[in-house]
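> Sequence first, then the predicted structure, then my questions.
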Amino acid sequence: MVQHLWSRRDFIKKAFLITGLASGGILLSQTLHVFPPLTHASALQVASTKDLGAVGKPSSVLVRDGGATVRLGNQLLWTFGDTLLRDNHTILSNTAALADIHHPLVTHEPLDARGLPYQLIPFTPEEQAYNELTGKPDDRIAIWPTSIINYQDQGLIFSYKLHIKPGFLNYEFLGIVLALVRSGETQATRLPGLLFSNPEPGFANAMVYQEMVYVYGGNHAANNPYVVARVPLDQVTNRRAYTFWDGKTWSSDVSNAQPVFTGIPGAVTISYNDYLGRFLVTYSQPFSTNILMCTGPEPVGSWSEPIVAFRGLSPFSNGYNYAGIEHPELARYEGRTVYVSYFNATGPFSGDLHLVEVNFV
């Protein structure tokens, strides 16, 4: 398993300053620009929130981010991106943990003889060879899990494949990796090839609605406009079965895809909320402690003006909160109560994923 030594500067660059993914490391706008603009006020209102605490991690793990989840049986599978280990500040590109669905913060996972977690999504031999050759945290291939859906009694993980390059936030998008993980396991089987490849959009934020998979991703242009693809669930691994929203209908040509919103950071969730009777969008406001939400009648919008659902804990002086996402499998009361996680940076080599309960009016 390839591991890299990280400096304080390198880790801060990745974990505490990144607010989104764009080709060539483009830093995204600090505000959401809704597309198309909505002419009426949002009816979305939050009655109360409660910070439930931090997601657990083994003593061998210093810090890890991400946090996409899926329910498999009676367990919750947590997935994480770069995982910094206490042992000489080495790193795994991704890891995972399990929790009881009723106690999502109390995690457990298989560990090796040194007490270290296993990498969730393996590198190909070529990727591993490249990382071993460079031996550098700022010249490596990374696989970052972004969303998971239920598929054939397993979890299907959508992940970014990136080339991390020297320079500030200089990440080259290479494509989308798919992997399958079984219930009760924290090591996945990677599917061959890439589902989408650069210069196609980074379709990594997936949800299922009425047996259709909707996958959202940035198209790498200025402000990283998000477009959306859809595919029948039983064909989700077949690239040729995908169609793309062109602003009026679904097209088989990805180049026709039109933005459904812009200014969204890399981490975002879209889910159908029964209580609201609308689709709920959840994400972090860049360079802020704010977690924002908006709603829409269809998976393509149009979207209400975003509201501040809550403000997270303050980060350390040179850090930022990020990776705000909802966990629909934890929702209660038909969606009147939802659960949102975000990463709170508490120091140059420390931070936690916090889980917050959000109750709507």
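Ah, there it is. From a predicted model like this one, the values you see are computed outputs, not experimental measurements.
> Mind listing the residues bridging to the nearest residue to residue 224 once chain neighbours are set aside?
Residue nearest to residue 224 in three dimensions, not counting chain neighbours: residue 218, with 3.8 Å by Cβ to Cβ, 6 or more residues apart in numbering. Heads up, the C-betas are built off the backbone N, CA and C, glycines and all. Counting by DSSP bridges, residue 218 forms beta bridges with residue 226.
> what's the longest helix in this structure?
Among the segments of the chain that qualify as a helix by DSSP state H, the longest is helix 125-134.
> packing partners for it?
With contacts defined as 3 or more Cβ pairs under 8 Å, 6 or more residues apart in numbering; DSSP states H and E, the packing partners of helix 125-134 are strand 140-151.
> The helix or strand following the strand it packs on packs against which elements?
As assigned by DSSP states H and E, the chain's next helix or strand after strand 140-151 is strand 154-164. Counting contacts by 3+ Cβ pairs under 8 Å, 6+ apart, strand 154-164 is packed against strand 61-72, strand 140-151, strand 171-181, strand 205-209.
> quick one on the thing from earlier: buried residues in the longest helix of the chain, which are they?
Residues 127, 130-131 are the ones in helix 125-134 that count as buried (16 or more other Cβ atoms under 10 Å).
> Same question for stretch 236-249.
236, 239, 242-245.
> what do you get for stretch 85-105?
Within stretch 85-105, the residues that count as buried by 16+ other Cβ under 10 Å are 85, 89-99, 104-105.
> So what's the residue count around the closest residue in space to residue 171 that isn't next to it in sequence?
Take residue 171 and drop its neighbours on the chain: the residue closest to it by Cβ to Cβ, 6+ apart is residue 162, 4.9 Å away. Residue 162 has 20 neighbours, counted by other Cβ atoms under 10 Å.
> contacting residues for residue 162?
Neighbour list for residue 162: 21, 141-144, 171-174 [criterion: Cβ atoms under 8 Å, 6 or more residues apart in numbering].
> of the residues you listed, closest to residue 71?
When the contacts of residue 162 are compared for distance to residue 71 (Cβ to Cβ), residue 144 wins out at 21.2 Å.
> what about the closest residue to that closest one other than its chain neighbours, distance to residue 320?
In space, and not counting its chain neighbours, residue 144 is closest to residue 81: 4.2 Å by Cβ to Cβ, 6+ apart. Counting by Cβ to Cβ, to the nearest Å, the gap from residue 81 to residue 320 is 15 Å.
> With residue 102 instead?
Taking Cβ to Cβ, one finds residue 102 at 31 Å from residue 320.
> related to what we said a few turns ago, as TSV, the buried residues of stretch 85-105 with pLDDT, secondary structure and distance to residue 312 would be great.
TSV is the format used below for the buried residues of stretch 85-105 (pLDDT from 0 to 100; DSSP: H, G, I helix; E, B strand; the rest coil; distance: Cβ to Cβ, whole Å):
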residue	pLDDT	secondary structure	distance to residue 312
85	94	strand	25
89	71	coil	25
90	86	coil	28
91	89	strand	24
92	95	strand	25
93	97	coil	25
94	98	coil	23
95	98	strand	23
96	98	strand	23
97	98	strand	21
98	98	strand	25
99	98	strand	21
104	98	strand	17
105	98	strand	16
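> Around residue 59, how many other residues sit close by?
8.
> just checking, it touches residue 115?
Yes - using Cβ atoms under 8 Å, residue 59 is in contact with residue 115, at 7.1 Å.
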